[in-house]
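Engineer: next come a sequence and a model predicted from it.
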Amino acid sequence: MQTNFTENQLRDPAMASSESAIRKCVHCGFCTATCPTYVLLGDELDSPRGRIYLMKDMLEGQRKPTAEIVRHVDRCLSCLACMTTCPSDVNYMHLVDHARTYIAENYTRSWAQRALRNLLAGILPYPARFRFVARFAPFAMPLRGLFGRVNALKPLAAMLAIAPRKLPKTMPPRNSRVGAGAGRVALLQGCVEPVLKPEYRAAAVRLLNRTGYDVLFAHGEGCCGALVHHMGREMASHAAARRNIDAWWPMISGEGLDAIIIAASGCGSTIKNYGFMLRDDPDYAHKAARVSELATDISQFLINAGLPPGNGRNLTIAYHAACSLQHGQKVTEAPKQLLKNAGYIVRVPNEAHLCCGSAGTYNILQPEIAGQLGDRKAANIARLNPDVVATGNIGCSIHLGQRMGIPVVHIIELLDWATGGPAPAAVSDIQF
Ligand code: SF4
Ligand code: SF4
């Protein structure tokens, strides 16, 4: 696509990166077929190609974002299916991230939208705050139906839909050394996951220990920054990245780490992007690049770590590939292979490339589209008639868990169960 950015504009590294992405687009439209919002809404401006035009116009003209541009960019899930499909290697991720930052800096949202976004950014990344607020969710449950009927309150209804009826017990992170000599890894602690699904971390530690790795937790680490990153809050996301790099660096530069393991693929995509996010920071660019190199999805790690074969109890598993794993990190085969090696029968639903609608805080900010995508995904999965649904991201498991009448678990819970660990909490009451 021809561009007309000025030399002065291109001195801004973010603008230069966006220009390079836009120039690569040849308007072929292949990406439209795999874009969930285009598939649902059928509007060119809700397709990757349409959004690229809108973002080009806004950035090149340094225009104040209009409500129309903001609406179409907001509707993008950042699922990155378009990047998997694109034959021209357009880096849509960096382009839409830049557009979101530009919008956050140059557009004034309604007070309700600002309040909602501030609420999400001020609570979700902080486990103690999130746990405190989640305790009150059951008292607001009776209002869910009412909230769902008022447009401005639909996000609150969506928040209540994902809030747990009862909070699980907290499990503080504890280093777990087995001294088997395989190596040592740091495990990302996460923010939402330890509050809603602490059992994921426990399963991850057992699996890593079972392959002979010591598991360490870094002091001072926090949310990876993905939640605020996708809202265009660049300062907050970069601050989160720097804080985490500072937390891991003594381990990396001291005894060394074999990997930084991430069991939530949404966080993995973001940490693998730290090198790009901080590329112009002289104090952090090198460290950020190293952290991104070490960042590894747990399935990517386990497939090479020699997990012993397991007893899959002849269960049929529907594998739901999280977008952040299949499109963001291009990890496609490892989760399925691990499940098969562990003795499970693995099935993949139709339209596996389409997002389930969870997408970080998308299911709260865009509840209607997220709901339609979730229902579509659940129907495709149900056609497989599986015993259990497995995924590699907490957001997907919660979003799909509301829609499936069968357990939805993390793949590491199934791998742990098959290789000697306890049954996943979601399946422990069911006799297989
Ligand atoms: S990231 Fe996903 S929703 Fe956004 S344009 Fe690309 S395919 Fe469409
Ligand atoms: S597939 Fe790639 S090159 Fe073709 S329109 Fe989409 S973004 Fe542009």
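Structural biologist: Everything's here; your move. Ligands and ions are numbered 1, 2, ... in the order given.
Engineer: A370 sits in which helix or strand?
Structural biologist: helix 367-382 (DSSP states H and E).
Engineer: which is the next helix or strand following that helix?
Structural biologist: Beyond helix 367-382 toward the C-terminal end (DSSP H and E), the next one is strand 388-391.
Engineer: and that following strand, how far out from the chain middle?
Structural biologist: Between the centre of strand 388-391 and the centre of its chain there are 16 Å (C-alpha atoms, centre = their mean, to the nearest Å).
Engineer: identify the residues contacting the very next helix or strand once past it?
Structural biologist: As assigned by DSSP H and E, the chain's next helix or strand after strand 388-391 is helix 394-401. Residues outside helix 394-401 that contact it (C-beta atoms under 8 Å, 6 or more residues apart in numbering) are 162, 190, 192-193, 196-197, 200, 264, 266, 320, 322, 356-360, 363, 370, 374, 377-378, 381, 389, 391, 408-410, 426. For the C-beta atoms, the positions are set from N, CA and C on the backbone; glycine is no exception.
Engineer: phi first, then psi, for the closest residue to ligand 2 within the stretch 251-400 of the chain.
Structural biologist: Nearest residue of the stretch 251-400 of the chain to ligand 2: H327, at 13.2 Å (C-beta to the nearest ligand atom). Note on H327: its backbone torsions stand at phi -100, psi -40 [degrees, to the nearest 10].
Engineer: OK, contacts around it?
Structural biologist: By C-beta under 8 Å, 6+ apart, H327 lies in contact with 79-81, 83-84, 353.
Engineer: list of residues touching stretch 231-242?
Structural biologist: Surrounding stretch 231-242, the residues in contact under the criterion C-beta under 8 Å, 6+ apart are 97, 99-105, 117, 120-121, 125, 222-226, 228-229, 270-271, 274, 277-278, 281, 284, 288, 361.
Engineer: any stretches of this structure with poor pLDDT?
Structural biologist: For the chain, the stretches with pLDDT under 70 are 429-432.
Engineer: would you list every one of the strands in it?
Structural biologist: Secondary structure of the chain by DSSP state E: the strands cover 183-187, 213-216, 259-262, 295-297, 316-319, 345-347, 388-391, 408-410.
Engineer: tabulate those (CSV), appending mean neighbour count and distance to ligand 1.
Structural biologist: Putting the strands of the chain into CSV (neighbours: other C-beta atoms under 10 Å; distance: least, C-beta to the nearest ligand atom, whole Å) gives the following:
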stretch, mean neighbour count, distance to ligand 1
strand 183-187, 21, 28
strand 213-216, 22, 33
strand 259-262, 26, 20
strand 295-297, 25, 19
strand 316-319, 22, 20
strand 345-347, 16, 24
strand 388-391, 26, 17
strand 408-410, 25, 22
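Engineer: relative to A33, which of those strands is closest?
Structural biologist: A33 sits nearest to strand 316-319 of all the strands of the chain, at 22.3 Å, using C-beta to C-beta.
Engineer: pairing partners for that closest one, with directions?
Structural biologist: Based on DSSP bridges, the pairing partners of strand 316-319 within the sheet are strand 345-347 (parallel), strand 388-391 (parallel).
Engineer: columns distance to M93 on top of these, output as a markdown table?
Structural biologist: As requested, the strands paired with strand 316-319 are exported to a markdown table (distance: least, C-beta to C-beta, whole Å):
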| stretch | distance to M93 |
| --- | --- |
| strand 345-347 | 28 |
| strand 388-391 | 21 |
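Engineer: just give me how far the helix holding A370 sits from the chain centre.
Structural biologist: In this view, helix 367-382 has its centroid 17 Å away from the chain centroid, taken as C-alpha atoms, centre = their mean.
Engineer: just the CA coordinates for stretch 318-334, please, in CSV.
Structural biologist: What follows is stretch 318-334 as a C-alpha-only set of coordinates in CSV (Å, rounded to 0.1, in the frame of the first residue of the first chain):
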residue,chain,number,x,y,z
ALA,A,318,-11.5,-31.3,22.4
TYR,A,319,-8.5,-29.1,22.0
HIS,A,320,-9.3,-25.4,21.8
ALA,A,321,-6.3,-23.5,20.5
ALA,A,322,-6.0,-20.0,22.1
CYS,A,323,-5.3,-17.3,19.6
SER,A,324,-2.4,-16.0,21.6
LEU,A,325,-0.9,-19.4,21.3
GLN,A,326,-1.7,-20.4,17.7
HIS,A,327,-1.5,-17.0,16.0
GLY,A,328,0.5,-14.9,18.5
GLN,A,329,3.2,-17.4,19.3
LYS,A,330,2.8,-19.9,16.4
VAL,A,331,2.7,-22.8,18.9
THR,A,332,0.2,-25.2,17.2
GLU,A,333,1.3,-28.8,17.4
ALA,A,334,3.0,-29.1,20.9
